[in-house]
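[1] Return atomic coordinates for the entry below.
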Amino acid sequence: MDFWFWALIFLGLSVFFAVLEVFITSGGILTFLSVTTLLTGIVLAFQCSPVWGGVYLFGVTVCIPVFLWFAFKIWPHTMMGRRILLQPEDDPALQPNTELLALKQLVGKQGMARSKMMLSGLIEIEGKRLNAISESESL
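    As a prediction, the model looks like this:
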């Protein structure tokens, strides 16, 4: 078998390892294998002929960005991607705080103190009793 055949075999192995890395957590081992087999394929392509090596190298430099774009496009839908990326509808910490939003709507409105306002106390605004903190000394 010629060098070009082995160069294509190593290119296929490189793509296989890279696809596995997208779906399986390996700690970089599959990425290392992918890069190593890719470089081995490039060396074997240049062993065949400089023209074949140049075409092979050009093809690899065009295909790798396309492959990476595709891999990152589908990665959030993989099991590993779903575990790493936060989904707003699943995480209660990422949901809007309705209590805080309701309190922000009360800013600037007037109310009555219902207890002695030492540093804090009970107030009533629009029929709602709330705890409040005084900005100044006791009243």
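[2] quick check: domain ranges of this structure?
    3-84, 96-133 (automatic domain parsing).
[3] Comparing those domains, which comes out most buried?
    Compared across the domains of the chain, domain 3-84 shows the largest average neighbour count, a mean of 15 (mean count of other C-beta atoms under 10 Å). C-beta here means a position set from N, CA and C on the backbone, and glycine is covered the same way.
[4] now the end-to-end length of that one.
    41 Å (C-alpha to C-alpha, to the nearest Å).
[5] repeat for stretch 107-124
    Using C-alpha to C-alpha, the two ends of stretch 107-124 sit 13 Å apart.
[6] Using JSON lines, please lay out the domains of the chain together with mean pLDDT.
    Putting those into JSON lines (pLDDT from 0 to 100) gives the following:
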{"stretch": "domain 3-84", "mean pLDDT": "86"}
{"stretch": "domain 96-133", "mean pLDDT": "84"}
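[7] With adjacent residues omitted, what lies nearest to Ser26?
    Nearest residue to Ser26, sequence neighbours excluded (C-beta to C-beta, 6 or more residues apart in numbering): Leu20, at 7.4 Å.
[8] so Leu11 touches Thr40, yeah?
    No - using C-beta atoms under 8 Å, Leu11 is not in contact with Thr40; the gap is 9.5 Å.
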